[in-house]
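A.B. asks: Need the 3D shape of this:
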Amino acid sequence: MKKLILTGTFVLATLMLTHAQKYAYVDSDYILESIPEYTDAQDELNEISILWQREIEEKFAEIDKLYRSYQADAVLLPEDMKRKREEAIIKKEREAKDLQKKRFGQDGDLFKKRQELVKPIQDKIFNAIEEIARLKNYAFVFDKSAGPTVLYADSKYDISDDVLRKVGSVLKSVKKTVKDSGYMPKVKVDGEDVIKDR
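C.D. replies: Numbering: from 1, shown residues only. This is a model prediction of the structure:
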């Protein structure tokens, strides 16, 4: 009987603690779009990506030209010349595919550049979220823009603007307006506009 009462008390206490936990959410898309350093990094990544894609397309266009020329000449070429030209085309195609993999592969140059430019900003955002969650005793902080993990979100639990203010104090710049008030006052710090706490 004592075990049953003890178990019941434990379950009841656990349920009460669960209901007492506080939750919040952020909109990471909104936060990232409000940080100029992030949009600058994305612009730089897009420029690099376009440049590298153009470089690869030029190589494949050259291969296509070589192949068409080979097809036109194939009937007139001796076997050893055919083989040499085929090997040259195959070699160039392999080089183009290797370059494509090097630039856009899983751990390629674009991935490394994204890590270099974006990861420090994401780390600052995560640190701000963690600090705010600890300060305000949130048990969980969800990301509203990360997919269908949040079905309902009351805006009073949206701490995205708190995160922006915290990140803005580190990065010295954020933009956009506060979601709930529609206006975010700015002040000059080191010659730059920054958000002033409400």
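A.B. asks: CA only for contacts and neighbour counts going forward, please
C.D. replies: OK.
A.B. asks: ok now do Tyr38, which residues does it touch?
C.D. replies: Neighbour list for Tyr38: 32, 118, 121 [criterion: Cα atoms under 8 Å, 6 or more residues apart in numbering].
A.B. asks: Between those, which sits nearest Lys144?
C.D. replies: Leu32 (13.0 Å; Cα to Cα).
A.B. asks: And that closest one, how far from Ile121?
C.D. replies: Going from Leu32 to Ile121 by Cα to Cα, to the nearest Å gives 9 Å.
A.B. asks: Centroid-nearest residue for the chain?
C.D. replies: Nearest residue to the geometric centre of the chain (Cα atoms, centre = their mean): Val118, 7.0 Å.
A.B. asks: I'd like to check what contacts stretch 119-132. Which residues are they?
C.D. replies: With Cα under 8 Å, 6+ apart as the test, stretch 119-132 has contacts from 37-38, 141, 162-164, 166-167, 170.
A.B. asks: Please tabulate those in CSV and include distance to Trp52 and pLDDT as additional columns.
C.D. replies: Converted to CSV, the contacts of stretch 119-132 look like this (distance: Cα to Cα, whole Å; pLDDT from 0 to 100):
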residue, distance to Trp52, pLDDT
Glu37, 22, 92
Tyr38, 21, 93
Val141, 38, 82
Asp162, 38, 83
Val163, 35, 84
Leu164, 33, 85
Lys166, 36, 81
Val167, 32, 81
Val170, 33, 59
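A.B. asks: Pick the one among these closest to Glu47.
C.D. replies: For the contacts of stretch 119-132, the residue nearest Glu47 by Cα to Cα is Tyr38; the value is 14.2 Å.
A.B. asks: Tell me the buried residues in the strand or helix carrying that closest one?
C.D. replies: Using DSSP states H and E, Tyr38 falls within helix 36-73. For helix 36-73, the neighbour count (16 or more other Cα atoms under 10 Å) marks 37-38, 41, 45, 48-49, 52, 56, 59-60, 63, 66-67, 70 as buried.
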